[in-house]
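>>> fold the following for me, if possible:
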Amino acid sequence: MTQVTDQRATAPFGAVPSWSSPAPRRPAPDFGPTDTLRGWLVTAFLTAIAAVTRFTMLNYPTDAGTPVFDEKHYAPQGWQMLNGGWVEDNPGYGLVVHPPVGKQLIAIGEAMFGYNGWGWRFASAMAGTVLILLVIRIVRRLARSTLIGAIAGILLIADGTTFVSSRIGMLDIFLAFFATAAFGCLIVDRDEVRSRLAKADAEGRIDETPWGPRLGVRWWRFGAGVLLGLACGTKWSGVYFIIAFGLLSVCFDLAARRAYGVRSPWLGTAIRDIGPALYALVLIPLGVYLGTYWAWFTSETGIDRWAVGNQVGTGGPFSWIPDALRSLWFYSGEALKFHEGLTNSAGNHHPWESKPWTWPMGLRPMLYYYADNGVSGCGQTQCVKAVMLIGTPAIWWLAFPVIAWMLWRTVVRRDWRYATVLVGYGAALLPWFLTLDRQMYYFYAVALAPFLVMGMALVLGDILGPSRRIPVPRSPVGTYLPVSPDERHALGLLAVCLYLGLVIANFIWLWPILTALPITPGNWHDHLWLPSWR
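A predicted model of the protein is given here:
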């Protein structure tokens, strides 16, 4: 029971009596992990392992020195950018169907290594490697544990989906990279906001206004806006992350103001935070997105660059908008029509297409490359080689139990970490259910992988449990000697280690069909565990 002190008995005669009570409870001063050196050593070690797996034989396979699968679109467009004023073309379709950032990154690799496998895949391998670094650091901060961050890194290293996407010149790994990096910036921003509010509380400034203090310039949130603009400049599905992360940032601010005793946290968030959030997470991404078209704006021959006056009239209610922006609007609309026309109802079908309800468990993977003519090296007269985009089953087949646990922790335990990861996972998955008639493919699910791994690492942290130490008397004066972790923690550690071993073994088993190693036809079929994989 809270005790209230009656100061009337000790107050001077004539003084107004006051009532005091304990200060309102504040969050623990926890603004991020503190084992900086150990954290970076673990991160560097695992990132180096990731680089070895992603860059080894990066130029293999190719179709007789040419790109494979949808590399046939992006590798030539990157080369055109490099040699044609950074403006791309797409002769196969007569229009360019995606924004330029991913192709610009591919072009940088081609500038370094030439028009070959190393050139058009180098940027993907870099993005896939740094993505693992990001996930380690993000989960370490979420869990306040370098060990749990390392577990997340091991899981992502052994994930077949991000592994294959890091070794092919396509756009999806870039979208996953930019979205994950923006997510990480918002997690750091959350800690910084709480640190600033804690300082204001310690200085007695929390109650200066009912809305709480201003939070100042928030560079991490600004950085998230830049990264979200680059995500949209890679694929338009980056817009889904803008919406989700914008709401997430405002919810972080509201929760922080409530935690530090702001008298009107809702009104304070509305007045202090929503405007800056719109600026940082909507206007900045829009500006960055438009900036990614710098070469198109300055070109004379870009597709639809001069749409106004040709395909579009110069008058009308939008004539006040600059012609360049109106031309870009027309250009984007033509690309959108192309995407919207790729529907099953219009007769467009692909043998490897899939729908979003299959993505969480990777039930319909994607065959990128297959060769059975003139292949040798498997020890028999007939050999095959293949590259299949497939999620490591030991990870992806547990998606629904992991999601269920995250939902339980979010709703029942009010665990903000799981709620945050669910926001990212939902932004990568749920919008695709709105357009089910469209042709869709499993490589759209690449952006799911980092958030699935984050959630799984947090779940493994719960299984691991705290490393509790039991105090036992050491001497009559009451000192204590910590003993080894209790049996519950030891069993949790055993379970986590066995599971990680299973994941790594599963990844090694899949390695031949992730990297196009020559194998026998029988071995190929042994790798296709489900009928939907064929």
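
>>> any idea how far residue 89 is from residue 83?
11 Å (Cβ to Cβ, to the nearest Å). Glycine gets a C-beta too; all of them are placed from N, C-alpha and C.

>>> could you pull out the helices for the stretch 51-200 of the chain?
71-83, 101-113, 117-143, 146-157, 160-165, 172-202 (DSSP state H, counting those that start in this stretch).

>>> of all those, which one is nearest residue 55?
Judged by Cβ to Cβ, the one of the helices of the stretch 51-200 of the chain that comes nearest to residue 55 is helix 117-143, at 5.3 Å.

>>> residue 83 and residue 89: which is more packed in?
With neighbours defined as other Cβ atoms under 10 Å, residue 83 and residue 89 compare such that residue 89 has more, 17 against 12.

>>> circling back: and the helices of the stretch 51-200 of the chain, which one's lowest on average pLDDT?
Among those, helix 71-83 has the lowest mean pLDDT, at a mean of 93.

>>> give me the packing partners of that one, helices and strands only.
helix 101-113, helix 117-143 (3 or more Cβ pairs under 8 Å, 6 or more residues apart in numbering; DSSP states H and E).

>>> any idea which of these gets closest to residue 292?
Closest to residue 292 of those is helix 101-113 (Cβ to Cβ; 5.1 Å).

>>> packing partners for the closest one?
helix 71-83, helix 117-143, helix 172-202.

>>> helix or strand right after the longest one?
Sequence-wise, the next helix or strand beyond helix 172-202 is helix 219-232, with elements assigned using DSSP states H and E.

>>> how far away from the center of its chain is the helix or strand that comes right after that following helix?
Downstream of helix 219-232, the next assigned helix or strand under DSSP H and E is helix 238-259. What separates the centre of helix 238-259 from the centre of its chain is 15 Å, taken as Cα atoms, centre = their mean, to the nearest Å.

>>> so which elements touch helix 238-259?
helix 172-202, helix 219-232, helix 265-268, helix 274-278, helix 416-429.

>>> could you rerun that using 10 Å?
Where contact means 3 or more Cβ pairs under 10 Å, 6 or more residues apart in numbering; DSSP states H and E, helix 238-259 is packed against helix 172-202, helix 219-232, helix 265-268, helix 274-278, helix 284-291, helix 416-429.

>>> that older thread, shared neighbours, residue 83 and residue 89?
Counting by Cβ atoms under 10 Å, 6 or more residues apart in numbering, residue 83 and residue 89 have no common neighbour.

>>> ok so, going back, redo the helices of the stretch 51-200 of the chain as JSON lines? Include distance to residue 270.
As requested, the helices of the stretch 51-200 of the chain are exported to JSON lines (distance: least, Cβ to Cβ, whole Å):
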{"stretch": "helix 71-83", "distance to residue 270": "43"}
{"stretch": "helix 101-113", "distance to residue 270": "34"}
{"stretch": "helix 117-143", "distance to residue 270": "27"}
{"stretch": "helix 146-157", "distance to residue 270": "35"}
{"stretch": "helix 160-165", "distance to residue 270": "39"}
{"stretch": "helix 172-202", "distance to residue 270": "16"}
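
>>> of these, which stretch is the most buried?
Counting by mean count of other Cβ atoms under 10 Å, helix 160-165 has the highest mean neighbour count of the helices of the stretch 51-200 of the chain, with a mean of 28.

>>> ok so, going back, and the helices and strands packed on helix 238-259 as a markdown table, adding distance to residue 390?
Listed next are the helices and strands packed on helix 238-259 as a markdown table, based on distance: least, Cβ to Cβ, whole Å:
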| stretch | distance to residue 390 |
| --- | --- |
| helix 172-202 | 14 |
| helix 219-232 | 24 |
| helix 265-268 | 46 |
| helix 274-278 | 38 |
| helix 284-291 | 32 |
| helix 416-429 | 18 |
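
>>> closest one to residue 336 among these?
helix 219-232 (13.5 Å).

>>> distance between the closest one and the chain's centre?
Its chain's C-alpha centre and that of helix 219-232 lie 13 Å apart, by Cα atoms, centre = their mean.

>>> report all helices and strands that it contacts.
helix 101-113, helix 172-202, helix 238-259, helix 274-278, helix 284-291.

>>> nearest to residue 384, of these?
Nearest of the helices and strands packed on helix 219-232 (Cβ to Cβ): helix 172-202, 25.4 Å.

>>> quick one: the closest one to helix 146-157, angle?
160 degrees (axes from the mean of the first three to the mean of the last three Cα atoms, to 10 degrees).

>>> helix 172-202 packs against which elements?
With contacts taken as 3+ Cβ pairs under 10 Å, 6+ apart, helix 172-202 sits against helix 101-113, helix 117-143, helix 160-165, helix 219-232, helix 238-259, helix 416-429, helix 448-464.

>>> let's go with 7 Å and repeat that
helix 101-113, helix 117-143, helix 160-165, helix 219-232, helix 238-259, helix 448-464 (3 or more Cβ pairs under 7 Å, 6 or more residues apart in numbering; DSSP states H and E).

>>> just to revisit the earlier point, distance to residue 199 added to the helices and strands packed on helix 71-83, as a markdown table?
Listed next are these as a markdown table, based on distance: least, Cβ to Cβ, whole Å:
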| stretch | distance to residue 199 |
| --- | --- |
| helix 101-113 | 38 |
| helix 117-143 | 20 |
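
>>> nearest to residue 338, out of these?
Residue 338 sits nearest to helix 101-113 of all these, at 16.4 Å, using Cβ to Cβ.

>>> who touches the closest one?
If you take Cβ atoms under 7 Å, 6 or more residues apart in numbering as the criterion, helix 101-113 is touched by 74-75, 77-79, 81-82, 86, 88, 119-123, 169, 171, 174, 230, 233-234, 292.

>>> any idea how far residue 213 lies from residue 198?
From residue 213 to residue 198 the distance is 11 Å (Cβ to Cβ).

>>> could you do residue 205 as well?
For residue 205 relative to residue 198 (Cβ to Cβ), the value is 11 Å.

>>> residue 394 too?
From residue 394 to residue 198 the distance is 41 Å (Cβ to Cβ).

>>> low pLDDT regions in this protein?
Of all residues in the chain, those with pLDDT under 70 make up the ranges 1-24, 91-94, 467-485.

>>> work out which residue lies at the spatial centre of it.
Computing the C-alpha centroid of the chain and ranking residues by Cα atoms, centre = their mean puts residue 180 first, at 2.6 Å.

>>> that one contacts residue 132, doesn't it?
No. Using Cβ atoms under 7 Å, residue 180 is not in contact with residue 132, being 10.0 Å away.

>>> is it fair to say residue 388 lies in a helix?
No. Assessed with DSSP: H, G, I helix; E, B strand; the rest coil, residue 388 is strand; it does not lie in a helix.

>>> confirm for me that it is in contact with residue 370.
No. Counting by Cβ under 7 Å, residue 388 stays clear of residue 370, with 8.5 Å between them.

>>> compare neighbour counts for the two and give me the winner.
residue 388 (22 against 15).

>>> ok, the more buried one - contacts?
Residue 388 touches 365, 366, 367, 368, 513, 514, counting by Cβ under 7 Å, 6+ apart.

>>> which one among those residues gets closest to residue 150?
Checking those one by one against residue 150 (Cβ to Cβ), the nearest turns out to be residue 514, at 22.7 Å.

>>> surely the closest one is in contact with residue 161?
No. In this structure, residue 514 is not within contact of residue 161 by Cβ under 7 Å, at 9.7 Å.

>>> if we can go back for a sec, select, out of the helices and strands packed on helix 71-83, the one closest to residue 249.
helix 117-143 (15.2 Å).

>>> tilt between the closest one and helix 146-157?
Interaxial angle of helix 117-143 relative to helix 146-157 (the same axes, to 10 degrees): 150 degrees.

>>> packing partners for helix 117-143?
Applying 3+ Cβ pairs under 7 Å, 6+ apart, one finds that helix 117-143 contacts helix 36-55, helix 71-83, helix 101-113, helix 146-157, helix 160-165, helix 172-202, helix 448-464.

>>> tabulate these (CSV), appending distance to residue 209.
Shown next, in CSV, are these (distance: least, Cβ to Cβ, whole Å):
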stretch, distance to residue 209
helix 36-55, 36
helix 71-83, 51
helix 101-113, 42
helix 146-157, 38
helix 160-165, 46
helix 172-202, 11
helix 448-464, 36
